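A.B. asks: Below: sequence and its predicted model.
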Amino acid sequence: MAADEDTDVFEITDFTTASEWERFIARLEEILHEWKLVNRIPLPPVPKNDFLTGSWLEKTDDLYFADFKFVITYHYLKSSSAENQLKEQRLSPDDEETEEHKEDIIPTVLQDMMNTENDFPPKAHCLCRWYGLQEFVCIVPSTAIDSDSRSKILLSSASIALSNACCQVPIFIQIQHQWRKMYSGISVIPGINVEFDVIHLNKPPSQYNHLAGLLDVFKAKMATQVTPRPTVSVAVRFTYVLQEWVNSPWSQAFPDISTATEDDVGYTSFWDLPFGACEDPVSELNLACTWPCLSEDMIVENQNYSDLDPLQAPQWSVKISMTENPLCLLGDCLKQFLKSQTRKETTDELLGNILSTEEDNAQAADISQALQRLTEPKVAYNIPSISNVVNKASSRLAVKPGHAPISTETLNKILLFLFPDAKDSFENEDNKEEETNEAETSDQDNKYSELLKNLDNKLKSAPVDSLVHKLALCLCIINKRKQHGGFQGLAQLWQEFVLEMRFRWENKHLIEGVKKGSPNLGTCLLNQKLQMLNCCIERKIRREQLYKGYTGDLDSPQDSPRGKLQKESSSLGTSMSSDSLNQSETSSRKNSKTEFSQENSGEKTTSVKAMSIDSSSEDEFFECDETNVENAQKSENSETATEQNDKEESMDAESETSEASLYKDSLNYKPEGRLTPCQDYKLLNSEEPMYIPVTQEPAPMTEDMLDEHAEILAKLGTSSEGAQIRARMQSASLLSDMESFKAANPGCTLLDFVRWYSPKDYVEEEFEDENGQIKIKGHLSARMLIPGNVWVEVWNTARAVPARRQKRLFDDTKEAEKKMDIKHCHVYNIAVSNLKKWSIEDSDIPRLKDLVEHLITKASKITRLSFQDIKKYEDIVGLVTYAELCIARAKSLKNKFSKDLLEKPEAEEEMDNFVSELLHQHEVPVTGGPCGPAGSIIHKLFVMAQKELHMLMDDDREFQPTDDAKNSVPDFPRPFAREYILRTMAPRPAPYSKTLPQLMFCSIVDGHEFRLAGAFSSDSTFQ
């Protein structure tokens, strides 16, 4: 019995559980509800050109059928005009609208199928182009669906979901491979079903290669039995392709054989970067001739005859096809230059095999004579000797003959371009032609003068036409030119440049092409270093000149006592009272710096120049022994410390005690280093006049020096010792000025110095003496009386030492040697500084100036970053390449649509606008069709191309067609693509069914594809 019970057990299947197919449909319905595509009011028809001007938006989600993934996307057109019409419909007072009137509203899908305003949109989704839809849903599988059963299951599932959700938006399922663009779709409307299907073949069948055959297919597919059969409306578009530009073949400027750059296109000289595209950026012209909305009875097209003549087409439109990624010379040159910045080879590795050994022997001989060089007399004037005549800095690199990457002739041209002051007088006549070329380019700069004028202020780069700019040009071209060694030639040129800098430093020749004065921190680091080197050369020349101070004559101009305040107010802003001054006082002193520097910036320079007129060997700067100076300062500090009784006493008592002990000794000093009397001031403790001393100028600093100095100060910390060291470092220039002031004014006090150096800290008050007379007495300001004031401490340690005997604040020899050790050429800004080259190519190109301004704005941010990233500069080079390509395209189109082909000269402005629209629009309608000015030129271009194709001679190249020529050679080639849209209203499937829209789109591309896309409506109520 137990065995019988086991055999009676059976499985129970629960059919209430949802299957994968039902889950797929439920999820699809859920998505339609989430996107609010159910129970909607039909959208109004799309106005003309809204497919092009409106914006297409998308909504995307994932959909699964078991483990099979789909991506569902909702495409819809956002049109402002359609939205306004929809709002008017919703706000209209039609509360009493009957159900019969609601039924008269045509669904959106049927309206789109019969809308002829937007046939053949130039840029849209393929389903929009085939069926004219303004909204639809696409379901794309992760892998191709190649079986009919699967596609039918998906299509039936979509039909059920649309019906359950009351959604009228059509749904398309992509089948086969994606490149074939095949879709099966369905739209469910109450009482109506619309089926979408696509046929795709590689070649068109011969019987369907014309309009007559397509009409037969369309009528056969409708299978309507109503009589008479409805008339079919036809829209036709033929596309003709022009690829041979006979009138304007693209060409680059041929190189000059006499120059050193004869084997590369676009390279004409070392001071002009190549520019333009190597090939024609405009590859072909597509002319679309359209016959909109014609009855099938009006036109005939079959195997033997066609009424569709392009010259009779009512609508013409033109589309330009651009060459994909043409090689742009300037962009390629800049890209190669940026790549060179990432290479790690040293100059020894690159040039070690080509350097001559004679240079090593010369250096060895120089080292052997080191002691003799040290014992030579140190005087300001040069005495010829064996050592300084034989061994001098060379401005050329010793290279083995025949092994140099850059030839001697080419190198001479480059160096003369970089350093024009090295040219001899007899060479000026040979360079007249170059000067005229520069003058011509300067006249063209007026178009972008405002943009280029502010270029140096916006970018942290080298000024245009400066030495760094010229060097970057040469390095770019040498790096690109293979016959000059490429990267090895770049290393040779850089070494030659460094040798030239050393030669100019040792021989005291100023560097031309570099702005004089302190380094401009708004420029690149290389330009700052060259400016610093120029400052070193100037200081060296001035130091070696013989001069002495004031001799009693009042010929030199008087300086304002306020002038000296400005030199130290910024550096001592935080250390005036050993970190005890408040922020308001510090900011007021900074403001006074700006005020006084504007008034006396020119007077200080004039006075310094005046002091170099007279000579004396004693006025040369001497290098002091640092140990002796430190010992002297320590002893003097100890003496001063013993004289101080208590730190908490008032500042007046402290200063009087310290100055009283020094005042007696200072009277024995012999005045030295006087420049000029300081107005009519007299020393407070004597009747001697006050003199302005000869002082050292503050040391200029580059950006990297400032960063290094700030890092050192930051490492000192916030301790009291660190604060003292920081104050001493910042008061080095103040100490120098105090020592110079003491040397020029024996018996002076701190009050005298403050009276000249910082007038705001010298306060004058009136008082009555014993006799009742009103007198004026001066004293220090409140901030000068704060305990621990740096000025008092520095004054107590300062000795009476004239400027010429002080340790130099700015060691030009040491700084010059640092600047000679330049490891890298930071000239990334070459990509931006060459805006002058291509911005004047054609200032009439629309949007070019906007592109240039965007490029400058982005480059100004990148060049000022603390960390220079080469990838960001690659983005700048990409923008430069795009601008170069835009200019090349504009030039190409202007050459092709030449004004010489115009029959009416007054239509030049219209042609300019037409060419401008071609650059920025996907498709441009031709005003007047074949009869307009642009249409006539296009017709001539096709005629010339046809003559060239059939090898017909036409010497005068004028368009004078005759009847015989028309019969022998057609004006247009065979159309590359033909598109047909067939529409009608017919009842399906039965004669008594509702009359519904029927549509079929056909695309025939010779040798490529044959495609039919049909949308056929059927009545689901009366079948």
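C.D. replies: Right, received. Where do you want to start? Numbering: from 1, shown residues only.
A.B. asks: which stretch of helix or strand covers residue 230?
C.D. replies: In the assignment (DSSP states H and E), residue 230 maps to no helix and no strand.
A.B. asks: Contact partners for it?
C.D. replies: 224, 984, 985, 986 (Cβ atoms under 8 Å, 6 or more residues apart in numbering). The C-beta positions use only the backbone N, C-alpha and C, and glycine is treated the same way.
A.B. asks: Next, the contact list for the third one, please.
C.D. replies: Translated: residue 985. Residue 985 makes contact with 114, 230, 995, 996, 997, 998, according to Cβ under 8 Å, 6+ apart.
A.B. asks: can you pick the most crowded of those?
C.D. replies: Highest neighbour count within the contacts of residue 985: residue 998, with 27 neighbours (other Cβ atoms under 10 Å).
A.B. asks: Test my guess that that one contacts residue 1017.
C.D. replies: Yes: contact criterion Cβ atoms under 8 Å: residue 998 and residue 1017 qualify, at 6.3 Å.
A.B. asks: circling back: hmm, which of the contacts of residue 230 is lowest in pLDDT?
C.D. replies: Ranked by pLDDT, those bottom out at residue 224, which has 82.
A.B. asks: In terms of helices and strands, where is it?
C.D. replies: Short version, using DSSP H and E: residue 224 is in no helix or strand.
A.B. asks: Start at 57, not 1
C.D. replies: From this message on, residue numbering opens at 57, which makes the last subject residue 280.
A.B. asks: Burial check on the closest residue to it other than its chain neighbours, number of neighbours?
C.D. replies: In space, and not counting its chain neighbours, residue 280 is closest to residue 1042: 4.6 Å by Cβ to Cβ, 6 or more residues apart in numbering. When neighbours are defined as other Cβ under 10 Å, residue 1042 has 21 of them.
A.B. asks: Which residues are in contact with residue 1042?
C.D. replies: By Cβ under 8 Å, 6+ apart, the neighbours of residue 1042 are 278, 280, 282, 285, 286, 1051, 1052, 1054.
A.B. asks: Tell me which two in these are the farthest apart.
C.D. replies: Largest separation among the contacts of residue 1042 by Cβ to Cβ: 285 and 1052, giving 15.0 Å.
A.B. asks: so after the longest strand anywhere in the chain, what's the next helix or strand?
C.D. replies: Scanning the chain for the longest strand, with DSSP state E as the assignment, gives strand 338-351. Next along the chain after strand 338-351, taking DSSP H and E as the criterion, comes strand 371-378.
A.B. asks: Report the backbone C-alpha coordinates of the next helix or strand after that next one in PDB.
C.D. replies: Following strand 371-378 in sequence order, the next helix or strand is helix 385-396 (DSSP H and E). C-alpha atoms of helix 385-396 as PDB (Å, rounded to 0.1, in the frame of the first residue of the first chain):
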ATOM      1  CA  LEU A 385      50.500  72.600 -39.900                       C
ATOM      2  CA  LEU A 386      50.400  74.900 -36.900                       C
ATOM      3  CA  GLY A 387      48.600  72.500 -34.700                       C
ATOM      4  CA  ASP A 388      50.900  69.600 -35.600                       C
ATOM      5  CA  CYS A 389      54.000  71.800 -35.000                       C
ATOM      6  CA  LEU A 390      52.700  72.700 -31.500                       C
ATOM      7  CA  LYS A 391      51.800  69.100 -30.700                       C
ATOM      8  CA  GLN A 392      55.300  67.900 -31.600                       C
ATOM      9  CA  PHE A 393      56.800  70.700 -29.500                       C
ATOM     10  CA  LEU A 394      54.700  69.800 -26.500                       C
ATOM     11  CA  LYS A 395      55.800  66.100 -26.800                       C
ATOM     12  CA  SER A 396      59.500  67.200 -26.700                       C
END
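A.B. asks: For helix 385-396, which helices and strands make contact with it?
C.D. replies: helix 523-536, helix 886-889, helix 926-952 (3 or more Cβ pairs under 8 Å, 6 or more residues apart in numbering; DSSP states H and E).
A.B. asks: From the contact counts, what lies against the last one?
C.D. replies: Put plainly, it is helix 926-952. If contacts are counted by 3+ Cβ pairs under 8 Å, 6+ apart, helix 926-952 sits against strand 338-351, helix 385-396, helix 886-889, helix 891-895, helix 904-919, helix 964-976.
A.B. asks: which of the residues in the strand or helix carrying residue 784 are buried?
C.D. replies: Residue 784 is located in helix 776-786, with elements delineated by DSSP H and E. Buried positions in helix 776-786, judged by neighbour count with 16 or more other Cβ atoms under 10 Å: 779, 780, 782, 783, 784, 786.
A.B. asks: So for the very next helix or strand once past that helix, what gets flagged as buried?
C.D. replies: Counting by DSSP H and E, the next helix or strand C-terminal to helix 776-786 is helix 788-800. In terms of neighbour count (16+ other Cβ under 10 Å), helix 788-800 has its buried residues at 788-800.
A.B. asks: and the direction of helix 788-800 versus that of helix 776-786, what angle?
C.D. replies: In terms of direction (axes from the mean of the first three to the mean of the last three Cα atoms, to 10 degrees), helix 788-800 departs from helix 776-786 by 60 degrees.
A.B. asks: State the next helix or strand along the chain beyond helix 788-800.
C.D. replies: Heading C-terminal from helix 788-800, the first helix or strand you meet, by DSSP H and E, is helix 806-813.
A.B. asks: Which other helices and strands does that next one contact?
C.D. replies: Applying 3+ Cβ pairs under 8 Å, 6+ apart, one finds that helix 806-813 contacts strand 730-738, strand 745-749, helix 788-800, strand 818-824, strand 830-836, helix 846-853.
A.B. asks: Which among those is found nearest to residue 559?
C.D. replies: Nearest to residue 559, of all the helices and strands packed on helix 806-813, is helix 788-800, at 31.8 Å by Cβ to Cβ.
A.B. asks: So which elements touch the closest one?
C.D. replies: Short answer (3+ Cβ pairs under 8 Å, 6+ apart): helix 788-800 packs on helix 621-624, strand 745-749, helix 806-813, helix 846-853.
A.B. asks: Which one of those lies nearest to residue 761?
C.D. replies: Residue 761 lies closest to helix 621-624 among the helices and strands packed on helix 788-800, at 17.8 Å (Cβ to Cβ).
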